[in-house]
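My questions are about this predicted structure, shown below with the sequence.
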Amino acid sequence: MEQMRICVTCRVSRNQSELIRLTVDHLSGRVVLNQSSSTSWHGRSAYLCRSQSCLDKACKGTRLKVALSGRMQKNKNIRPAISWPLEPQLIKDMAQLCTEPLKRCENNLRKEARE
Ligand SMILES: [Zn+2]
């Protein structure tokens, strides 16, 4: 049975294989695409739909960043530093994994911006 994961942007739960997986390398703080099973990255992960609109919102908003950096721990004052904003190459790689085209809806975009 496949594990269900939730997209950080739209909160829809899907099979892990249907989502784009991002992981923060715990040593460098670099955010990497964690799609292949041959390379295993260790660190906090976040998931996104293969949708250009979820990707765009994730890059512009703070949800993905928060999901990747995690909550501040009680006994630690420092969060692991993550490299943010995401590298342009990484965003390009993610866009290539998107199977759903960008749906432009100005009303929704404006609503998102106010959140
Ligand atoms: Zn989504």
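In hand now; what should we look at?

could you pull out the helices for this structure?
For the chain, the helices defined by DSSP state H occupy 52-60, 63-69, 88-97, 106-114.

For the ion, find the nearest of these.
The ion sits nearest to helix 52-60 of all the helices of the chain, at 3.4 Å, using C-beta to the ion. Just so you know, the C-beta spots here come from the backbone N, C-alpha and C atoms, and that holds for glycine as well.

can that closest one be found next to the ion?
Yes. For a cut-off given as C-beta under 5 Å from the ion, helix 52-60 has contacts with the ion, namely residue 54.

Please renumber the chain so that the first residue is 29 from this point on.
With 29 as the first residue, the last one maps to helix 80-88.

Convert the C-alpha atoms of that helix to PDB, please.
The C-alpha coordinates for helix 80-88 follow below in PDB (Å, rounded to 0.1, in the frame of the first residue of the first chain):
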ATOM      1  CA  GLN A  80       2.200  24.200 -12.200                       C
ATOM      2  CA  SER A  81      -0.200  26.300 -10.200                       C
ATOM      3  CA  CYS A  82       0.700  24.400  -6.900                       C
ATOM      4  CA  LEU A  83       4.400  24.900  -7.800                       C
ATOM      5  CA  ASP A  84       4.000  28.600  -8.500                       C
ATOM      6  CA  LYS A  85       2.100  29.200  -5.200                       C
ATOM      7  CA  ALA A  86       4.600  27.100  -3.300                       C
ATOM      8  CA  CYS A  87       7.500  29.200  -4.600                       C
ATOM      9  CA  LYS A  88       5.800  32.600  -4.000                       C
END
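
which of the residues in it are buried?
The neighbour-count check on helix 80-88 (16 or more other C-beta atoms under 10 Å) flags 80-87 as buried.

can you tell me which residues contact residue 128?
77-81 (C-beta atoms under 8 Å, 6 or more residues apart in numbering).

Equivalent analysis for residue 73, please.
Residue 73 neighbours (C-beta under 8 Å, 6+ apart): 49-52, 62, 96.

Would you mind pulling the contact partners of stretch 29-43?
44-45, 47, 49, 74-77, 79, 81-83, 85-86, 89, 91-92, 95.

Might you enumerate the residues of this structure proximal to the ion?
35, 37-38, 77, 82.
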